[in-house]
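In: Predicted coordinates and the sequence they were generated for:
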Amino acid sequence: MPEIVVVRLIESDDQSHFHVDLVGYHTDHITTEPIMIATERAISLMLYERLWIKTPDGEADLVSGKCSVCGHEPYLRTTSDAENEEKLQSLTEA
Ligand SMILES: [Zn+2]
């Protein structure tokens, strides 16, 4: 079950904030670099695989949602995000 370890951010259209564009995880097959997948692909994967991140409190599952600033969809957040919080954006940028 993939732990998301890195993200790639992209500026919103009005350049006022950032969106998560890609998320990355390690696989058994390729150990050097994380596999980076787009938001849409991650959401399809989440139909049958759990994607999650480590948080200070433990683990949080990724969920399909909306950007807390502009409502952009499709979008990835985590189950432990507060209303205006996006824990995914605190991961290392790849
Ligand atoms: Zn936004």
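Out: Sure, I can see it.
In: my guess is residue 49 meets residue 4, correct?
Out: No: between residue 49 and residue 4 there is no contact under CB atoms under 8 Å: 11.3 Å. Glycine gets a C-beta too; all of them are placed from N, C-alpha and C.
In: neighbour-wise, which of those two wins?
Out: residue 4 (23 against 11; other CB atoms under 10 Å).
In: That one touches residue 62, doesn't it?
Out: Yes: look at residue 4 against residue 62 with CB under 8 Å: they come within range, at 6.5 Å.
In: got the contact list for the residue lying farthest from the centre of the chain?
Out: Most distant residue from the mean C-alpha position of the chain: residue 29, 21.4 Å away (CA atoms, centre = their mean). With contact set as CB atoms under 8 Å, 6 or more residues apart in numbering, residue 29 has no partners.
In: Try it again at 10 Å.
Out: residue 35 (CB atoms under 10 Å, 6 or more residues apart in numbering).
In: which intervals of this structure have sub-threshold pLDDT?
Out: In the predicted model of the chain, residues 30 satisfy pLDDT under 70.
In: Mind listing the shared neighbours of residue 4 and residue 62?
Out: 20, 23, 42, 51, 52, 53, 76, 78, 88.
In: in the sheet, who's paired with the closest residue to the third one other than its chain neighbours?
Out: Counting by CB to CB, 6 or more residues apart in numbering, residue 42 lies nearest to residue 23, which is 5.4 Å off, once chain neighbours are set aside. Beta-bridge pairing of residue 23 under DSSP bridges involves residue 7, residue 37.
In: For burial, what's the neighbour tally of residue 23?
Out: By other CB under 10 Å, the residues close to residue 23 number 27.
In: Same check on residue 16?
Out: When neighbours are counted by other CB under 10 Å, residue 16 comes out with 9.
In: Likewise for residue 47?
Out: 7.
In: Next up, the contacts around the closest residue in space to residue 27 that isn't next to it in sequence.
Out: Leaving aside its sequence neighbours, residue 27 sits nearest to residue 35 (CB to CB, 6+ apart; 5.8 Å). With contact set as CB under 10 Å, 6+ apart, residue 35 has these partners: 2, 22, 23, 24, 25, 26, 27, 29.
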